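> Sequence plus the predicted model coming up.
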Amino acid sequence: MSSRSGLSQVTTDFHDLQKIVILPALVVFASCLSCAKKNPIVVVDDWWNLDFAKSDCALRATRNKAACLFDPTLEVRNFEAQLVTYFAADPSCSGIVLVGPNGREGLEPHWLLMLDFLPGESTQSWEIVAPGVASTRRQVYSAGKGEPKEIVHTVCAVVQHGGGSVVN
């Protein structure tokens with residue numbers, strides 16, 4: 001057997017090894033990378049929403065404006081419940097996890113949805129804060145005003161990066 005034919009046999013064996021072992025291993029590795037991708041998490045910041053609404057009611061009372069007739073807690077909770085309903089029904093939210101106030105512990109990093117809730121209004125101002133390394137490094141990513149259905153659809157598009165790219 002000449003050295004050339006021996007080299008040819010080693011090369012053939014190596015190509016067979018690639019086909020049998022290495023290529024399938026790469027396919028499995030690549031598929032595992034996509035499995036490891038975590039679903040984005042959006043937390044509805046109920047504490048902020050409720051505190052903002054209560055502060056607005058207190059401010060109205062001191063400025064002789066139309067005062068809140070009732071504690072705004074129920075109104076905030078109803079608006080948040082509509083957000084949850086529209087979130088569950090909106091296909092653009094597929095793959096996103098929406099978390100209420102009781103499930104946010106240990107969920108770093110996550111998006112934070114806050115409402116500047118004004119009792120008695122059908123539309124509410126909102127902002128979504130991008131995940132950060134620490135809470136002091138969070139920054140507003142997007143903001144707007146709308147009804148629950150509009151808010152949810154826009155928030156899901158932002159989180160899914162379904163719109164255009166923005167550079168600040």
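Thanks, I have it. Bear in mind the structure is a predicted one, so any value in this text is a computation, not a measurement.
> How about the contacts made by Thr154?
142, 144, 146 (CB atoms under 8 Å, 6 or more residues apart in numbering). Any C-beta I mention is one placed from the backbone N, CA and C, and that applies to glycine too.
> So for stretch 125-134, what gets flagged as buried?
125-131 (16 or more other CB atoms under 10 Å).
> what element comes up after the least confident helix or strand in the chain by mean pLDDT heading to the C-terminus?
Within the chain, no helix or strand scores below helix 23-35, which has a mean of 43 by mean pLDDT, DSSP states H and E. Moving toward the C-terminus from helix 23-35, the next helix or strand (DSSP states H and E) is strand 41-44.
> for that following strand, packing partners?
Counting contacts by 3 or more CB pairs under 8 Å, 6 or more residues apart in numbering; DSSP states H and E, strand 41-44 is packed against helix 73-89, strand 97-99, strand 111-116.
> That strand pairs with which strands, parallel or anti?
Sheet pairing of strand 41-44 (DSSP bridges) gives strand 97-99 (parallel), strand 111-116 (parallel).
> Average pLDDT for the first one, rounded please.
Read that as strand 97-99. The pLDDT scores in strand 97-99 average 91.
> Report the separation between Pro72 and Glu121.
Between Pro72 and Glu121 the distance is 11 Å, computed by CB to CB, to the nearest Å.
> So those two - more neighbours on which side?
When neighbours are counted by other CB atoms under 10 Å, Pro72 and Glu121 differ, and Pro72 comes out ahead with 22 against 13.
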